[in-house]
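Engineer: I would like the atomic coordinates for the input below:
(one chain, ligands or ions: 1)
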Amino acid sequence: MSPELFSLGAEFTRREITGSLQEWEDAGEIPRALHLAAAKQGLLGIGFDEEVGGEGGSLADLVALQEGMLAEGASSGLLAGLFTHGIALPHLARHGSAELVDRYVWPTLAGEKIGALGITEPGGGSDVAHLTTRAVRVSTGSTTEDHYVVNGAKTFITSGVRADFVTTAVRVSTGSTTAAEGAKGISLLVIDKDTPGFTVDRNLRKMGWHCSDTAELGFTDVRVPVGNLVGEEGAGFGYIAEAFVTERIALAVHAYGIAARSLALTAAYARERRTFGEPLIARQVVRHKLVEMHRRVEAAKAYTHAVVREYDESGTTASTIAGAALAKQTAVEASQWVCDQAVQLHGGTGYMHGTEVERHYRDTRILPIGGGATEVMTDLAAKLLGYAS
Ligand SMILES: Cc1cc2nc3c(=O)[nH]c(=O)nc-3n(C[C@H](O)[C@H](O)[C@H](O)COP(=O)(O)OP(=O)(O)OC[C@H]3O[C@@H](n4cnc5c(N)ncnc54)[C@H](O)[C@@H]3O)c2cc1C
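Structural biologist: Numbering: from 1, shown residues only. Reported below is the predicted structural model:
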């Protein structure tokens, strides 16, 4: 992992984030100016090719950058909001037309636009292959006039309140044919926020990730030009599956990153806080607790780094899909235990709003659900690793 990118992330966080993070947590969103500042510093484009407006670099580079940010106190929610383009753009950058790349990828990596990814629906999120938002293709005889009419709803959409466009998973049919069921019926359409019939129906309040806005979105007879189709009709499920690998790795990094930060804060607190006439760290039971926190963080980090190396060499394969799912699970389990112990060792202070470990404790709870629930990931790994019946 690149020490320069780790330092860049840490320095950016000290300069642009830590002083304002609580304010953004209370406001329920991060400012657009932060996207511009991050782009100016070259952070948003890491991991995207220069031909689509990125900075180049590998997944390992992005991981190093985000590790540096989390080590300085950036929260998991902050990263979810600032790097939503990491889930909204990969399909567009890889499979989108040159026009879509120009209209959405370049300005988003420049920090001028915000994108979101709309897959989950009120009726369910785990079973992506059975999503129900419909897009009926209307042929007019003129390629510039041909369009889809979209009806449905999406929920729990990160950055959906602020987003200028949503990369939206839909089920396409034409006027004369019914939509294909299952995975083969899914396509991705880019839908602009100002399209008539598109609505941000709710700004959802959450247990954690407070500075990351989360929306419920509605689509009522939304007319979307055919040019906004990403890649091929019916290929959306494959594009989504391909991009899930980097999303799950990112969430693994959030998990061990906030755990490592919680450990550092707790070790400092244990040196300073005295009980029964001695610093907490003078007790063997406390030192052993800190070592166990350290062990779990390091194991999660090492596993995740191994999958990242494999991904940078081989891309999306059965092995990296399974590896990303299991690295996420490993990191999430470490994070949940470590963040809980961090609150415990902070005593009443750890339960107070505004104490940093309290925020990480709440933020970590989304990680075994978002980007694929642990149970669903384990089922996927069973299939890919040959343990299915
Ligand atoms: C803060 C937040 C941000 C999010 N951001 C986005 C986003 O930007 N874009 C987006 O599209 N989605 C987003 N999501 C949605 C997220 O991906 C889904 O919540 C997740 O995939 C689970 O779907 P669900 O909530 O519908 O749960 P369900 O699919 O209803 O499952 C409920 C629970 O049942 C269990 N379960 C489900 N299936 C199985 C099974 N086969 N075997 C055993 N147990 C099972 C799991 O414990 C699961 O958590 C976000 C969610 C949250 C909370």
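Engineer: Pull up the per-residue confidence for residue 175.
Structural biologist: pLDDT for residue 175: 68.
Engineer: can you check the one 4 residues further on too?
Structural biologist: The pLDDT attached to residue 179 in the predicted structure is 76.
Engineer: How about the one 5 residues further on?
Structural biologist: At residue 184, the pLDDT value in this model is 93.
Engineer: My guess is it contacts residue 234. True?
Structural biologist: Yes: Residue 184 sits in contact with residue 234 when judged by Cβ atoms under 8 Å, with a separation of 5.4 Å. Just so you know, the C-beta spots here come from the backbone N, C-alpha and C atoms, and that holds for glycine as well.
Engineer: Between the two, which has more neighbouring residues?
Structural biologist: residue 234 (16 against 13; other Cβ atoms under 10 Å).
Engineer: what about that one, helix or strand, and which?
Structural biologist: Here residue 234 sits in a region with no helix or strand, counting by DSSP states H and E.
Engineer: Distance of it relative to residue 187?
Structural biologist: Per Cβ to Cβ, to the nearest Å, residue 234 is found 6 Å from residue 187.
Engineer: Quick check: neighbours shared by those two?
Structural biologist: Common neighbours of residue 234 and residue 187 (criterion: Cβ atoms under 8 Å, 6 or more residues apart in numbering): residue 172.
Engineer: show me what contacts residue 207?
Structural biologist: With Cβ under 8 Å, 6+ apart, residue 207 has these contacts: 362, 365, 366.
Engineer: let's see it at 10 Å
Structural biologist: If a contact means Cβ atoms under 10 Å, 6 or more residues apart in numbering, then residue 207 has 361, 362, 363, 365, 366 as its contacts.
Engineer: So which of the residues you listed are in strands?
Structural biologist: Among the contacts of residue 207, no member is found in strands (DSSP state E).
Engineer: and of these, the nearest to the ligand?
Structural biologist: residue 366 (4.9 Å; Cβ to the nearest ligand atom).
Engineer: Make sure that closest one is actually in contact with residue 210.
Structural biologist: No: assessed by Cβ atoms under 10 Å, residue 366 is found out of contact with residue 210, at 11.2 Å.
Engineer: Which neighbours do those two have in common?
Structural biologist: Joint contacts of residue 366 and residue 210 (Cβ under 10 Å, 6+ apart) are residue 77.
Engineer: From residue 371, how far out is residue 337?
Structural biologist: Taking Cβ to Cβ, one finds residue 337 at 20 Å from residue 371.
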